[in-house]
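>>> Below: sequence and its predicted model.
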Amino acid sequence: MARKQIRLWLLLPGLLLVLAGAICLMLCYAGSRFSLFTRAASEQQLTGTPQFLREEHVWIPPTEPETEPETEPVYTCGIDMAHVRSCHQSVSDVVGWVRIQDTVIDYPVVQTTNNEFYTTHAWTGQPSYAGAIFADWRCDLDDTDNALIYGHNMGNGTMLHAIKNYKVEEWGMAHRYIEVASLEHRYLYKVLSVNVISGEAGAAFDYWNYIDLNREEYRTYYENIRSTSLVWYGEDDPPRDSVDRLIALQTCNTGSHDGMRCVVFARCIGDFTDLESYAPAEGYPETQVAVQTAPAWEKRHDTDE
């Protein structure tokens, strides 16, 4: 009996050694498989090529989540043509309307035989330090190649004060459109640039002296706008000088009487009299350009090259 107990005590360390060895082998085997898997995964991350490690293991490279491309929001027209005509019936000098979304610029446009009267009179004809928004006496909002609209830069933010915000590009990109209406048509213009330039006689770029343009004059005028711009908002596509019309909104840049003007130039993108909205991402529907944006261009310039 004593000998059997001695044998068992002698065998026990051996059994323990065998058991420990088996455990070590199992751990080594599991570790080698894990190392092989992670090493292969690291190599796949570098190469970006999916590989099979085992039939049950497939590594798929991570992918970035798909994002929708940013698109310009739909613009909804806001000028009420019936209201424009009603104002004209009350005051015959009312020839249209101008509106810039999300600003106080939502005014009737008046016009008389000179460019002085409405600098000191409201659109109703009453004396006013703020004046009115008025079109250059030489312009026709339905026909002119380059229409000019003037208004004071009022310290309280009224009249055309808000167009100075276009000097801040972030603001300007959020306000790309200007609505202008005549008594018969509503047009949508897209801003090309904001310029701080001399508005006095003798200026290198006398933008106010170009009303009706032939093709060569149009291209020169367009390039002058771009070369003198403070912030250029226009695309790189060349002007469509057989159909495009321009508009310029002008106010004083400061109150220092230094002759400098803040001018926003915009290009007509269509007649929206019968359209309530514009979706830039969809482009022009055929009906959107059914009315020529420069109806008299070909009559005036059919021989110009």
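Ah, there it is. Please read all numbers here as calculations on a predicted model, not as lab measurements.
>>> Now do the strands in this protein.
Along the chain, counting by DSSP state E, strands occupy 52-54, 57-58, 75-76, 94-99, 106-110, 134-135, 146-150, 177-181, 186-198, 231-232, 246-252, 260-271, 277-278.
>>> so which of those strands gets nearest Asp212?
strand 146-150 (7.6 Å; CB to CB). In short, each C-beta sits where N, CA and C put it, glycine included.
>>> Give me the angle between that closest one and strand 186-198.
Angle of strand 146-150 versus strand 186-198, following axes from the mean of the first three to the mean of the last three CA atoms, to 10 degrees, is 70 degrees.
>>> Taking strand 94-99 as reference, get the angle to strand 146-150.
Angle, strand 146-150 to strand 94-99, by the same axes, to 10 degrees: 80 degrees.
>>> Please give me every residue in contact with Cys77.
Contact analysis of Cys77 by CB atoms under 8 Å, 6 or more residues apart in numbering lists Glu179, Arg186, Leu188, Phe272, Leu275, Glu276, Ser277, Tyr278.
>>> circling back to that earlier point, need the winner for burial among the strands of the chain.
With neighbours taken as mean count of other CB atoms under 10 Å, those reach their highest mean count in strand 134-135, at a mean of 26.
>>> other SSEs contacting that strand?
strand 106-110, strand 146-150 (3 or more CB pairs under 8 Å, 6 or more residues apart in numbering; DSSP states H and E).
>>> where does the stretch 201-305 of the chain have low pLDDT?
237-243, 283-305 (pLDDT under 70).
>>> Over to the stretch 51-200 of the chain?
Short version for the stretch 51-200 of the chain, where the test is pLDDT under 70: 51-70.
>>> Try it again at 50.
Along the stretch 51-200 of the chain, segments meeting pLDDT under 50 span 52.
>>> coming back round to it: which of the strands of the chain sits closest to Lys164?
Short answer: strand 260-271, nearest of the strands of the chain by CB to CB, at 5.2 Å.
>>> Tell me which strands the closest one pairs with, and in which orientation.
strand 186-198 (antiparallel), strand 246-252 (antiparallel) (DSSP bridges).
>>> Tell me which of those sits nearest to Leu160.
Once those are compared by CB to CB, strand 246-252 is nearest, at 3.9 Å.
>>> which residues of the stretch 151-300 of the chain fall in helices?
169-173, 215-227, 297-301 (DSSP state H, counting those that start in this stretch).
>>> contacting residues around the residue lying closest to Val109 once chain neighbours are set aside?
Excluding the flanking residues, the one nearest Val109 by CB to CB, 6 or more residues apart in numbering is Gly96, at 4.3 Å. Under the criterion of CB under 8 Å, 6+ apart, the neighbours of Gly96 are Val84, Pro108, Val109, Ala135, Leu141, Val180, Ala181, Ser182, Leu183.
>>> same thing but 6 Å
Val109, Leu141, Ala181, Ser182 (CB atoms under 6 Å, 6 or more residues apart in numbering).
>>> cool, and Asn146?
Contacts of Asn146 by CB under 6 Å, 6+ apart are Tyr210, Ile211, Leu246.
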